[in-house]
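Undergrad: Fold the following.
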Amino acid sequence: MRIAVLGATGATGKLMIAAALDRALPVTALARRPERVPVRPGLTVVAADVRDPGSIAAALTETDVLLSGLGTSNSSGTGTLTAGAQAVVAAGVERIIWLGALGTGPSAAAAGALTRAMLGVLMRHELPDKIAADAAVLAAGGTVFHVGPMTAGPDAPDRQTRSLEQAPRRLFPRGVSRATVAAAMVDEAVHHRFPGQIVTVV
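TA: Reported below is the predicted structural model:
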């Protein structure tokens, strides 16, 4: 099974690559600036840009599962997440595992009123893009991880991936380390437990 990682130069994308390589899975890293991806055994680095769907399709020709840690920045412009999701879906990847945010779209109720209010203020320009990207992935049968604030730190060995319906209700979501999220997404790539669903990590 070959895994591809979109957003390979980001903090979470790098950890997805490491988690997959640690399991001896071959990995293709997709990046606008491939020179920023450290060379490692088992890793193939490919230049690809979500604004160029042809480059995404060409990079994913031998991919079984795509993991996305794609984020947005001031330089990436609006609509980056939706463009990425649409390019990956159009490329015909068999399985997609996408990183979203707890409190957006269908997980808004699970995150609580305080989180919804904060996201509505802090991410008001990004929310439509996040929601549209998630919807595109779910419609293609992919799995979307909605997690709370991500922190530094090691992978939590007792981590559990749960469906959105099983997510604990809190006033404010508990933080989770990026390493834990990355490892849980690789778990889903291997075991394929939640197709077409939003899940969270606890």
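Undergrad: Next up, phi/psi of residue 161, please.
TA: When quoted as degrees, to the nearest 10, the phi and psi of residue 161 stand at phi -100, psi 130.
Undergrad: Could you do residue 141 as well?
TA: Torsion angles at residue 141 (phi, psi; degrees, to the nearest 10) stand at phi 90, psi 10.
Undergrad: Quick one: residues contacting it.
TA: Residues counted as contacts of residue 141 (Cβ atoms under 8 Å, 6 or more residues apart in numbering) are 95, 96, 195, 196. C-beta here means a position set from N, CA and C on the backbone, and glycine is covered the same way.
Undergrad: Over to residue 156?
TA: 176, 177, 180.
Undergrad: Residue 29: neighbouring residues, count only.
TA: Neighbour count of residue 29, defined by other Cβ atoms under 10 Å: 28.
Undergrad: Correct me if wrong: it contacts residue 39.
TA: No - at 10.0 Å, residue 29 and residue 39 do not qualify as touching, with contact defined as Cβ atoms under 8 Å.
Undergrad: who touches both of the two?
TA: Joint contacts of residue 29 and residue 39 (Cβ under 8 Å, 6+ apart) are residue 45.
Undergrad: picking that back up, could I get the contacts of residue 141 as TSV with secondary structure?
TA: Below are the contacts of residue 141 laid out as TSV (DSSP: H, G, I helix; E, B strand; the rest coil):
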residue	secondary structure
95	strand
96	strand
195	coil
196	coil
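Undergrad: of those residues, closest to residue 56?
TA: Using Cβ to Cβ, residue 96 comes nearest to residue 56 of those, at 11.8 Å.
Undergrad: With adjacent residues omitted, what lies nearest to the closest one?
TA: residue 142 (3.4 Å; Cβ to Cβ, 6 or more residues apart in numbering).
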